[in-house]
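Trainee: Predicted coordinates and the sequence they were generated for:
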Amino acid sequence: MAVVVVGNPKPASRTRQAAELVVQRLTGAPPEAVIELAELGPALLGWGDPAVEAAKRTVRDADLVVVASPTYKATYTGLLKLFLDQFGAGELHGTTAIALMLGASPHHALASELTLKPVLSEIGCSCPTPALFLLDSAWEASPELDTWVERARDVLAGPA
């Protein structure tokens, strides 16, 4: 099962659209679930909220998770941090994750690799592909996306 986690505070964002496109391009199908963290809002500030627990179960049950965020201050959003903090170290062992960030400038191109990917690894995700950064002004027609998808498919398919 492929799942998208969207850390954008604005629902139905370009971040969500880009993450859904990545899943579609990698698997040939839309994601089975999309978790809009903006819809969980203040529930992420505590522990044990039923909606947050349901979102966590969805992520734990996934084979592939695309974790997506806009770039804020050269890192992912606080909203996404609150959700990721809900998972214990190693809790997502066996889950393949892709770190995806969108940003306004190529100056932030390493943000997903340097800030998001290490947190995903800490909570147990396997991150076998390079993180993906797309310019939010051109994510749909990005040659970087085409190249990344081609390489990621090879990595995710494993040895022949």
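Mentor: Okay, I see it. Numbers count the residues shown, from 1 in each chain.
Trainee: neighbours around the residue nearest to residue 128 when sequence neighbours are not counted, how many?
Mentor: In space, and not counting its chain neighbours, residue 128 is closest to residue 155: 5.1 Å by CB to CB, 6 or more residues apart in numbering. The way it works is simple: take the backbone N, C-alpha and C, and place the C-beta from them, glycine included. A total of 11 residues lie near residue 155 under the criterion other CB atoms under 10 Å.
Trainee: Could you say which helix or strand holds residue 155?
Mentor: Under the criterion of DSSP states H and E, residue 155 resides in helix 143-157.
Trainee: Packing partners of that helix?
Mentor: With contacts taken as 3 or more CB pairs under 8 Å, 6 or more residues apart in numbering; DSSP states H and E, helix 143-157 sits against helix 14-27, strand 132-135.
Trainee: buried sites along the longest one?
Mentor: Spelled out, it's helix 14-27. Across helix 14-27, burial judged by 16 or more other CB atoms under 10 Å covers 14, 15, 16, 17, 18, 19, 20, 21, 22, 23, 26, 27.
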